[in-house]
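In: Predicted coordinates and the sequence they were generated for:
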Amino acid sequence: AQKVTQAQTEISVVEKEDVTLDCVYETRDTTYYLFWYKQPPSGELVFLIRRNSFDEQNEISGRYSWNFQKSTSSFNFTITASQVVDSAVYFCALSEAVYSGGGADGLTFGKGTHLIIQP
Amino acid sequence: DSGVTQTPKHLITATGQRVTLRCSPRSGDLSVYWYQQSLDQGLQFLIQYYNGEERAKGNILERFSAQQFPDLHSELNLSSLELGDSALYFCASSRSGRAQETQYFGPGTRLLVL
């Protein structure tokens, strides 16, 4: 069965430091999709990125970057020059395709990493 | 703003009661998902609907049920409530419910069972 592990429960850094959030996944599918969501203190879940299993190119969006490595089943998220507004809980999630007939059985989420950026 | 709306924002009720949570998907989205977020279980998928039909079930209790109406809004019914049902309930929507699509989440309904 699919599983997502975010081993870092909480990370605290000082503003302007770089920080990497780890995500390791398990899946029986060859076709799958990985996501990152941000949950700020206000509580909503904000979509950050989607990546499919066939695309191992790293992605950069401003201060955010993602490193996808199939060989280690990891999809790590790095924030460069962190800011106080980055403080939130970050979730990594997995969606499988083949075993759900191309549909979606819902996302499997990790437990989340609580990121605290101190001024 | 994701475009997904949920009502009410907060709900306080007593054990044994029944409540209904409501969700309206983003314009054009046909699929609706329900998730429960609790401290001990984390974020868990409950159930998915596509164009009015149930498509997938996750860890949904028998005391819980859902439906999607012709106008595509969805309701999650929670009955015989227990203290452990206190949680944040999210609705999400996607275009056609396929695995590769991004699910956009509503602001959630925070349920407190006393």
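Out: Here it is on my side, so go on.

In: buried set for the helix or strand of chain B with the lowest mean pLDDT?
Out: Of all helical and strand segments in chain B, the minimum by mean pLDDT, DSSP states H and E falls on strand B:53-57, at a mean of 92. Of all the residues in strand B:53-57, those buried under the rule 16 or more other Cβ atoms under 10 Å in any protein chain shown are B:55, B:56. In this view, the C-beta of every residue, glycine as well, is placed from N, C-alpha and C.

In: Paired strands for it, with orientation please.
Out: Sheet pairing of strand B:53-57 (DSSP bridges) gives strand B:42-50 (antiparallel).

In: Skipping adjacent residues, who's closest to the spatially most central residue of chain B in space?
Out: The residue lying closest to the centre of chain B (Cα atoms, centre = their mean) is residue B:34, at 3.1 Å. Computed as Cβ to Cβ, 6 or more residues apart in numbering or on different chains, the closest residue to residue B:34 that is not its neighbour in sequence is residue B:46, at 4.3 Å.

In: Beyond the least confident helix or strand of chain B, next helix or strand please.
Out: strand B:64-68 (DSSP states H and E).

In: packing partners for that following strand?
Out: Counting contacts by 3 or more Cβ pairs under 8 Å, 6 or more residues apart in numbering or on different chains; DSSP states H and E, strand B:64-68 is packed against strand B:42-50, strand B:74-78.

In: how many degrees apart are that strand and strand B:42-50 in direction?
Out: Strand B:64-68 and strand B:42-50 are oriented at 40 degrees to each other (axes from the mean of the first three to the mean of the last three Cα atoms, to 10 degrees).

In: In strand B:64-68, which residues are buried?
Out: B:64, B:66, B:68.

In: mean confidence for it?
Out: Mean pLDDT, strand B:64-68: 98.

In: Please enumerate the strands of chain A.
Out: Counting by DSSP state E, chain A has these strands, from start to end: A:3-5, A:10-14, A:19-21, A:24-26, A:32-39, A:46-52, A:59-61, A:64-69, A:74-79, A:88-96, A:108-109, A:113-118.

In: Name the residues that touch the fifth one?
Out: Think strand A:32-39. A:2, A:23, A:25, A:45-53, A:66, A:68, A:75, A:77, A:88-97, A:107, A:112, B:99-100, B:102-103, B:105 (Cβ atoms under 8 Å, 6 or more residues apart in numbering or on different chains).

In: can you check the fourth one too?
Out: The contact list for strand A:24-26 (Cβ under 8 Å, 6+ apart) reads A:1-7, A:32, A:34, A:72-75, A:92, A:94.

In: Now do the contacts for the closest residue to residue B:105 other than its chain neighbours.
Out: What sits nearest to residue B:105 in space, not counting adjacent residues and going by Cβ to Cβ, 6+ apart, is residue A:45, at 3.9 Å. Going by Cβ under 8 Å, 6+ apart, residue A:45 touches A:37, A:38, A:39, A:91, B:90, B:92, B:105, B:108.

In: The residues you listed into a markdown table, with extra columns for distance to residue A:62 and pLDDT?
Out: Shown next, in a markdown table, are the contacts of residue A:45 (distance: Cβ to Cβ, whole Å; pLDDT from 0 to 100):
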| residue | distance to residue A:62 | pLDDT |
| --- | --- | --- |
| A:37 | 17 | 98 |
| A:38 | 13 | 98 |
| A:39 | 19 | 97 |
| A:91 | 20 | 98 |
| B:90 | 26 | 98 |
| B:92 | 25 | 97 |
| B:105 | 22 | 97 |
| B:108 | 26 | 97 |
